[in-house]
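Colleague: When you get a sec, could you give me coordinates for this:
(one chain, ligands or ions: 1)
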Amino acid sequence: MKNVAVIGAGTMGNGIAHVFAQANFHVSLIDISPDQLNKAITTITKNFERQVAKGTITKEIKTKALQYIQTNTSLAEGLKDADLVIEAATENVDLKLNIFKQIDENAPTDCIFATNTSSISITKIAAVTSRPEKVIGMHFMNPVPVMKLIEIINGYATKKEVTAAIVALSKKLGKIPCIVNDYPGFIANRILMPMINEAIYSLYEGVAGVEEIDTVMKLGMAHPMGPLQLADFVGLDVCLSILHVLHDGFGNPKYAPCPLLTNMVTAKKLGVKTGEGFYTYTAGSKDFVVSERFK
Ligand SMILES: NC(=O)c1ccc[n+]([C@@H]2O[C@H](COP(=O)([O-])OP(=O)(O)OC[C@H]3O[C@@H](n4cnc5c(N)ncnc54)[C@H](O)[C@@H]3O)[C@@H](O)[C@H]2O)c1
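Modeller: This next block holds a predicted model:
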């Protein structure tokens, strides 16, 4: 594999383009928004500069890597030479199914199709293509250049050779792949989201306050971040939508989202991105304090 097309130039897409370019792949970064493409190149450049300043890469590697990235607003044009397509567009089922139909129509015959979805069924995405055996999940973690794990998700029809190729490729990027099967939430979110939901239930039932819950999990379990702070970082809307996927997918009441989480999302208290969730955040500052609502 030499040529990789990345669809979606947001938070994850720019990180994915970054790690592939650093590993000497030709990257075609595709987005419907030229603005997002410009922003992505600025972010990637800044992130490479930070690595140079830290001494983890040389200036020459940075310059070479940036030359490997081309941008495109046309999907058909952007993936015409791709050996691998990684879709990292907005988390919306209809949007992704539509993108995969277009990928299927335009990608070369031998191309492997991967999706970075956090929660949508790989089998469902694969079913809209004429080559479900070549479709796989490649769930990168945020921030992509820093996080070592790639959760590799086999769809119902994914061929062993395709999984093997993606495992080898992940190692080439310096990442650690973990293979899992396609059931709701895969592994990462199936375990993380119920833990976050339970932390929210504990707050809702008055068992402990925001800081106490997070401190117990940080100091007691050596988690780098408490579950409520992590929920704020992920986005409470994203947490709620993944809990719905688990609840609907398994039909088990243990995944029912806490009513407090539902209320906070309705009130648009989504965490870091809206400036308030369980904590309040000030733009441009790393400081945060427990939200007034929970004092
Ligand atoms: N943010 C995270 O922490 C995280 C972690 C793991 C996986 N994911 C998954 O990665 C994917 C992307 O998430 P994100 O946080 O980068 O989202 P984002 O909102 O930052 O970026 C999404 C990008 O997709 C683009 N887009 C929308 N429709 C498109 C189309 N038809 N063609 C091409 N581009 C299109 C948007 O313009 C935007 O730039 C989602 O599936 C999400 O579930 C996110």
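Colleague: going forward, measure contacts between C-alpha atoms and count neighbours the same way
Modeller: Fine.
Colleague: can you pull the contacts of residue 31?
Modeller: By C-alpha atoms under 8 Å, 6 or more residues apart in numbering, residue 31 lies in contact with 7-9, 37, 72-75.
Colleague: Mind checking which of these are buried?
Modeller: Buried subset of the contacts of residue 31 (neighbour count, 16 or more other C-alpha atoms under 10 Å): 7-9, 37, 72-73, 75.
Colleague: Considering only those, which also neighbour the ligand?
Modeller: By C-alpha under 6 Å from any ligand atom, the members of those lying near the ligand are 7-9.
Colleague: count of residues packed around the spatially closest residue to residue 270 that is not a sequence neighbour?
Modeller: In space, and not counting its chain neighbours, residue 270 is closest to residue 236: 4.7 Å by C-alpha to C-alpha, 6 or more residues apart in numbering. Look at residue 236: counted by other C-alpha atoms under 10 Å, it has 25 neighbours.
Colleague: go on, the one 10 residues further on?
Modeller: The number of residues packed near residue 246 is 26, by other C-alpha under 10 Å.
Colleague: following the strand or helix carrying it, which helix or strand comes up?
Modeller: Element membership of residue 246 [criterion: DSSP states H and E] is helix 236-250. With elements assigned by DSSP H and E, the helix or strand that comes after helix 236-250 is helix 259-266.
Colleague: could you say what helices and strands that following helix packs with?
Modeller: When contacts are defined as 3 or more C-alpha pairs under 8 Å, 6 or more residues apart in numbering; DSSP states H and E, helix 259-266 packs onto helix 188-204, helix 236-250.
Colleague: of all those helices, which lies closest to residue 123?
Modeller: Residue 123 lies closest to helix 236-250 among the helices and strands packed on helix 259-266, at 13.1 Å (C-alpha to C-alpha).
Colleague: Now do the lowest-mean-pLDDT helix or strand in the chain: everything it contacts.
Modeller: In the chain, the helix or strand scored least confidently by mean pLDDT, DSSP states H and E is strand 288-290, which has a mean of 94. If you take C-alpha under 8 Å, 6+ apart as the criterion, strand 288-290 is touched by 210-211, 278-282.
Colleague: now with 7 Å?
Modeller: For strand 288-290, the external contacting residues (C-alpha atoms under 7 Å, 6 or more residues apart in numbering) are 210, 278-281.
Colleague: which residues of the stretch 101-250 of the chain score low on pLDDT?
Modeller: Nowhere does the stretch 101-250 of the chain drop to pLDDT under 70.
Colleague: interface residues of it facing the ligand?
Modeller: For the stretch 101-250 of the chain, the contact set with the ligand under C-alpha under 6 Å from any ligand atom comprises 116-118, 139-142, 234.
Colleague: which one among the ones next to the ligand among the buried ones among the contacts of residue 31 gets closest to residue 258?
Modeller: Nearest to residue 258 among those, with distances taken as C-alpha to C-alpha, is residue 8, at 31.3 Å.
Colleague: List the backbone torsions phi and psi for that closest one.
Modeller: Dihedral angles of residue 8 (phi, psi; degrees, to the nearest 10) stand at phi 100, psi 120.
Colleague: Figure out how far the longest helix out of those in the chain is from the centre of its chain.
Modeller: Counting by DSSP state H, the longest helix found in the chain is helix 34-54. Averaging C-alpha positions (C-alpha atoms, centre = their mean, to the nearest Å) puts helix 34-54 18 Å from its chain's average.
Colleague: Begin at 188 from now on, thanks
Modeller: Yes, from this point I'll number from 188; that puts the last item at helix 221-241.
Colleague: Export the helix or strand following it to CSV, keeping only CA atoms.
Modeller: Following helix 221-241 in sequence order, the next helix or strand is helix 246-254 (DSSP H and E). Extracted C-alpha coordinates of helix 246-254, given in CSV (Å, rounded to 0.1, in the frame of the first residue of the first chain):
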residue,chain,number,x,y,z
LYS,A,246,12.6,19.3,10.2
GLU,A,247,13.3,17.2,7.1
ILE,A,248,10.7,14.6,8.1
LYS,A,249,8.2,17.4,8.7
THR,A,250,8.8,19.0,5.3
LYS,A,251,8.7,15.6,3.5
ALA,A,252,5.5,14.5,5.3
LEU,A,253,3.7,17.8,4.4
GLN,A,254,4.6,17.3,0.7
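Colleague: any idea of the angle helix 246-254 forms with helix 221-241?
Modeller: Between helix 246-254 and helix 221-241, the angle comes out at 170 degrees (axes from the mean of the first three to the mean of the last three C-alpha atoms, to 10 degrees).
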